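K.L.:
The amino acid sequence is not available; the structure is as follows:
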C-alpha cells in the first residue's frame, strides 16, 4: 500500500545521510515549516534528534489551534453557556483555553459541546434535530476550508435555519507575506504545507521565490519530510530561490481548481487577527453576502473581542520564529505541556509543546 | 408476564425481588442456591489477599468482541491476575437505567457469568439499583474481586530497575478502536474487535517461566503509554521503547491514522505489559508465545537509569522522542 | 492543519464514496474530485476528498528517492 512505501526505514536512513552531506556544504541554516501537521510528524519521527545540529528547524504559525484568537473560543463558550447553543467542533479545539474557559471546561459547566470529524456532520445533526440550534466552529487553513464551504452550500440547499458557522479560518500565503516582510527572521527556506498546497496549488507561493527564498512543497511521511529538507538545503546550497514540489503524488501545479472555486463562491478574504501575532491583511475568510445568513457572528450579535496574552507569554515571537521556544521566560517553568500558559504549549503541535517534547529528548 | 424493560419499580421491594429472580440471578449466578443474605460468608481463601474494584461505563453496551458484562469481569479478574493472584471471589453491583431492555441485561449478565465460571471465580454478592431515565447511560457496573497471592510473590510498579526488559503480551489498540468505531460522531467503521479477555492464562504462564517477573500491568485506559509512564515514575527509571518492535492490532494503524491518534495511547482490555530481569527476557517471550492468546507477544524495550523523561521511544527511522502520559480523553484531530 | 489519509474508493453513490483506509472504512464527499473512480485512491481530509492520489507520480518519486539513496553508497545507516 501507499503509506509503508514512503515510511521505509532503510531508505529514510539513506536520505538522512544525503541531508547530512548537503548540510555540510551550507553551514548553519534556518528552515521554517508552517504546518501544524508537519510539526507533529517531525516530532513523532524524532527527526530533530537526527538532523545535523547546523540545521535549525523552526515551527512557524501553521497551527490553527495556536493562531485562532482566544476570543473566538470565548464566543463559542458564551453561546453554549448563555444561549444554550450546541457547539460542534473539531477535537483539536476542545482543550484550548480562550481568554477565559476552554470548550472542555465549558462542557463541565453544562455546555453542549460535541466533537465532530467533519463539518458535513454539522449539516446532518442540524437537519435531524430542528428544535436545537447549532454552531460549527470553523477553524483551519485552506485544507479545511473546502469541506466547510461544501457544508455551507448544503445547509443553504436544505434551507437550514438552525445551523450557523463561527468562521475563523486563516490563510497561508498572507502569513508567508508577513514572515517574508520581516528580514530579521532570517528564514533561508520554507517547507510548504503539502495538503494546503493540494488545494491551492504551487502558484500561490510565487511570492516566496520572488522574495529570494526557496520553498519546498512537502508531504507528511518520513521520506517526504526528509526529501523536503534535502531539497531545501540543496536549493540554499545552489543559491536557487524557487518553489519545488516534492509531493507530486498529491499536489498538482494548479491545485484543485474545483475546491478553489468552491471556496471563492462561499468565502471572501478579510483582514484577520492571529493569536499572539496580531492582524495580517487578507489572512482570514468571511462568508460572502449570499451566505451571510449562516454567519454566527451576525445571527447572535457576537462581539469577538481582543485577545489578552498572559504576562510574559512570548507565543507571538515564537510563532514568527523570532525566538526559540526555550527563550521565552515562561518556558519549562510556568509553562509546560502539563501546565500550559500560551497557545503554543496548549496545542500538542504548537511550537513550544513540540520543542519541549522533542528537542530536549536528544 | 415476563419483564421486557427495567422500570423504576424494579429498584425496590416487590419489583426488585421480581427483577432479581426473573432476570438478574438466573443469568448472573445460575448455580446459586440458598437464601440471599446481607453478606456472603466464605472461608478465608488464603493468607495474603489481593483486593480490587472497578466501575464500567462503556457505550455502546454491546460491541465487537464483548459487552459491558465481559468487560467488567475481565477488568477485575485481570487486575488480580497482574498482581500474580489466583482469583477466587467477585461482587457485582448494577445501576440500571429505567427503560433498559431486559434481554440486553440478561445477555450482559450471562457474559459476566461465563467469564467468571471459566476462571473458577464465584460471584458471591451483589446489588441492583434502578435510576431514572437519563441518569445511567444504559447501565453502570461495579465489580470487586478478591484473589490469593502466593507467599513470596510481590509484583509492583515500583520494581523496575535498569537492565530489565519490557514486554507486551499481544497487539495493542484493539479495544479502544473497536469502541470508537461504534461512535457515530467519529465517522468510521472497522472490523477491529476488542481484545477483551481474561489474561490469567498468560500471566500464569509468564510467572511460571519467570518467577522473578517484576511488574505486570494491564494497559487499559490510556493504553501502554499510560501504564509505562506509571511504572517508570513509580520505579524512578526511564523506559526506552523501540517503536518498530511494538505489535499493533490489525486495522488499528489505519484507524489511528484517520483519527490522528497514537496506538500507544489507545485502550486495551486483554493485553498487558510486563517487566522482567533482562536475562529472562527470551524465556519470558517463549512462555507468552506458547500460551493460549499470547502468539502476538513481543519484547518492546528496556529499562535504564532515570533520564529527563519517564518513557522515551526510538522511532522507526532511528530518532528519539518522549512517550507522554495521555492528557485525558482521546480526541480526534484534523491537524 | 493537514491531517489527511489516502483512502481507496470501494463504492460510489452520487457525490459520496465509501472508502477503505487500511482496514477502516469511512464515507467521504467526492464532489471535489468528480473524475475519481472505484479503485482510485483519494486524499481525504475532514470528510471530503481534496485530491486524487497519483500512483504514477508516487512511483516516480520513489524511484528518484532510491536513486538519491543509492548515491549515498552501500552499507551506510
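P.N.:
Yep, that arrived. Quick caveat, the model's predicted, so the values are computed rather than measured.
K.L.:
Could you use CA atoms for every contact and neighbour count after this?
P.N.:
Fine.
K.L.:
top strand in chain B by residue count?
P.N.:
If you go by DSSP state E, chain B has its longest strand at strand B:86-97.
K.L.:
Please name every helix or strand in contact with that strand.
P.N.:
helix B:68-81, strand B:122-131, strand B:139-148 (3 or more CA pairs under 8 Å, 6 or more residues apart in numbering or on different chains; DSSP states H and E).
K.L.:
If we use 6 Å, what do you get?
P.N.:
On a contact count with 3 or more CA pairs under 6 Å, 6 or more residues apart in numbering or on different chains; DSSP states H and E, strand B:86-97 meets strand B:122-131, strand B:139-148.
K.L.:
between that strand and strand B:139-148, how big is the angle?
P.N.:
Interaxial angle, strand B:86-97 versus strand B:139-148 (axes from the mean of the first three to the mean of the last three CA atoms, to 10 degrees): 170 degrees.
K.L.:
Direction included, what does strand B:86-97 pair against?
P.N.:
Sheet pairing of strand B:86-97 (DSSP bridges) gives strand B:122-131 (parallel), strand B:139-148 (antiparallel).
K.L.:
Deepest-packed of the ones you listed, please.
P.N.:
Sort the strands paired with strand B:86-97 by mean neighbour count, taking mean count of other CA atoms under 10 Å in any protein chain shown, and strand B:139-148 sits at the top with a mean of 22.
K.L.:
ok, residues contacting that one?
P.N.:
Residues external to strand B:139-148 that are found in contact with it (CA atoms under 6 Å, 6 or more residues apart in numbering or on different chains): B:46, B:48-57, B:85-97.
K.L.:
Kindly report the same for stretch B:252-263.
P.N.:
Contacts of stretch B:252-263 (CA under 6 Å, 6+ apart): B:173, B:332, B:333, C:21, C:22, C:24.
K.L.:
got these as a markdown table, with pLDDT and neighbour count columns?
P.N.:
Output for those, formatted as a markdown table (pLDDT from 0 to 100; neighbours: other CA atoms under 10 Å in any protein chain shown):
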| residue | pLDDT | neighbour count |
| --- | --- | --- |
| B:173 | 98 | 34 |
| B:332 | 93 | 18 |
| B:333 | 91 | 22 |
| C:21 | 96 | 22 |
| C:22 | 95 | 22 |
| C:24 | 97 | 22 |
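K.L.:
In strands only, show me the residues you listed.
P.N.:
Among those, the ones falling in strands (DSSP E) are C:21, C:24.
K.L.:
OK, contacts around the residue in the stretch 151-300 of chain A positioned nearest to chain B?
P.N.:
For the stretch 151-300 of chain A, the residue closest to chain B is residue A:222, as judged by CA to the nearest CA, at 7.8 Å. Shown in contact with residue A:222 (CA under 6 Å, 6+ apart): residue A:7.
K.L.:
could you redo the helices and strands packed on strand B:86-97 as TSV and give each row distance to residue A:81 and mean pLDDT?
P.N.:
As requested, the helices and strands packed on strand B:86-97 are exported to TSV (distance: least, CA to CA, whole Å; pLDDT from 0 to 100):
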stretch	distance to residue A:81	mean pLDDT
strand B:122-131	27	96
strand B:139-148	28	98
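K.L.:
right, so of those, which gets closest to residue B:229?
P.N.:
strand B:139-148 (25.4 Å; CA to CA).
K.L.:
next structured bit after that closest one?
P.N.:
Once the chain leaves strand B:139-148, the next helix or strand it forms, by DSSP states H and E, is strand B:165-168.
K.L.:
helices and strands around that next one, which ones?
P.N.:
Secondary-structure packing of strand B:165-168 (3+ CA pairs under 6 Å, 6+ apart): strand B:272-276, strand B:298-305.
K.L.:
Parallel or antiparallel, which strands does that strand pair with?
P.N.:
strand B:272-276 (antiparallel), strand B:298-305 (antiparallel).
K.L.:
Of the ones you listed, flag the one that's most buried.
P.N.:
Of the strands paired with strand B:165-168, strand B:272-276 is the most buried (mean count of other CA under 10 Å), at a mean of 27.
K.L.:
picking that back up, residues making contact with the helix or strand that the longest strand of chain B is followed by?
P.N.:
Where DSSP H and E defines the elements, the next helix or strand beyond strand B:86-97 is helix B:102-118. Helix B:102-118 has contacts (CA under 6 Å, 6+ apart) with B:4, B:5, B:27, B:28, B:69, B:70, B:73.
K.L.:
Would you mind checking those for buried ones?
P.N.:
Among the contacts of helix B:102-118, those classed as buried by 16 or more other CA atoms under 10 Å in any protein chain shown are B:5, B:27, B:28, B:69, B:70, B:73.
K.L.:
near chain A at all, stretch C:15-30?
P.N.:
No - Stretch C:15-30 lies apart from chain A when judged by CA under 6 Å from any CA of the partner chain; the minimum separation is 8.3 Å.
K.L.:
Quick check: pLDDT value at the closest residue to residue B:222 other than its chain neighbours.
P.N.:
Spatial nearest neighbour of residue B:222, chain neighbours left out: residue B:265 (5.0 Å); criterion: CA to CA, 6 or more residues apart in numbering or on different chains. Note on residue B:265: pLDDT of 97.
K.L.:
Run through the residues of chain C sitting next to chain A.
P.N.:
Counting by CA under 6 Å from any CA, the residues of chain C that sit close to chain A are C:1, C:2, C:32, C:46, C:47, C:48, C:53, C:54, C:57, C:58, C:69, C:77.
K.L.:
The second one: neighbouring residues, count only.
P.N.:
Each residue near residue C:2 was counted by other CA atoms under 10 Å in any protein chain shown, and the total is 27.
K.L.:
what does chain A put close to chain C?
P.N.:
With CA under 6 Å from any CA as the criterion, chain A comes near chain C at residues A:13-15, A:36-37, A:117-118, A:140, A:147, A:195, A:249-250, A:258-259.
K.L.:
An error on my part: the question was meant for the stretch 101-250 of chain B.
P.N.:
Contact residues, the stretch 101-250 of chain B versus chain C (CA under 6 Å from any CA): B:188, B:189, B:190.
K.L.:
which ones are touching the second one?
P.N.:
This points to residue B:189. Residue B:189 is in contact with B:181, C:24, C:25, counting by CA under 6 Å, 6+ apart.
K.L.:
Report the contact partners of the residue in chain B that chain C sits nearest to.
P.N.:
As assessed by CA to the nearest CA, chain C sits closest to residue B:335 within chain B, at 3.7 Å. Contact analysis of residue B:335 by CA under 6 Å, 6+ apart lists A:37, C:1, C:2, C:3.
K.L.:
Residue B:261 in helix, strand or coil?
P.N.:
When classified by DSSP: H, G, I helix; E, B strand; the rest coil, residue B:261 comes out as coil.
K.L.:
and it, how many neighbours does it have?
P.N.:
Around residue B:261 there are 17 residues (other CA under 10 Å).
K.L.:
same question, residue A:134
P.N.:
Neighbours of residue A:134 under the rule other CA under 10 Å: 27.
K.L.:
Relative to chain C, how far out is it?
P.N.:
Separation of residue A:134 from chain C (CA to the nearest CA, to the nearest Å) stands at 19 Å.
K.L.:
Can you tell me how far that residue is from residue B:279?
P.N.:
According to CA to CA, to the nearest Å, residue A:134 and residue B:279 sit 60 Å apart.
K.L.:
now swap in residue A:327 and tell me
P.N.:
Separation of residue A:327 from residue B:279 (CA to CA) stands at 44 Å.
K.L.:
before we move on, back to that, got JSON lines for the strands paired with strand B:165-168, with mean pLDDT too?
P.N.:
Output for the strands paired with strand B:165-168, formatted as JSON lines (pLDDT from 0 to 100):
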{"stretch": "strand B:272-276", "mean pLDDT": "98"}
{"stretch": "strand B:298-305", "mean pLDDT": "98"}
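K.L.:
Please pick the buried ones from the contacts of strand B:139-148.
P.N.:
By neighbour count, with 16+ other CA under 10 Å, those hold B:49-53, B:55-57, B:85-97 as buried.
K.L.:
neighbouring strands for whichever strand or helix holds residue A:136, and are they parallel or not?
P.N.:
In the assignment (DSSP H and E), residue A:136 maps to strand A:134-138. Using DSSP bridges, the strands paired with strand A:134-138 are strand A:86-90 (parallel), strand A:163-167 (parallel).
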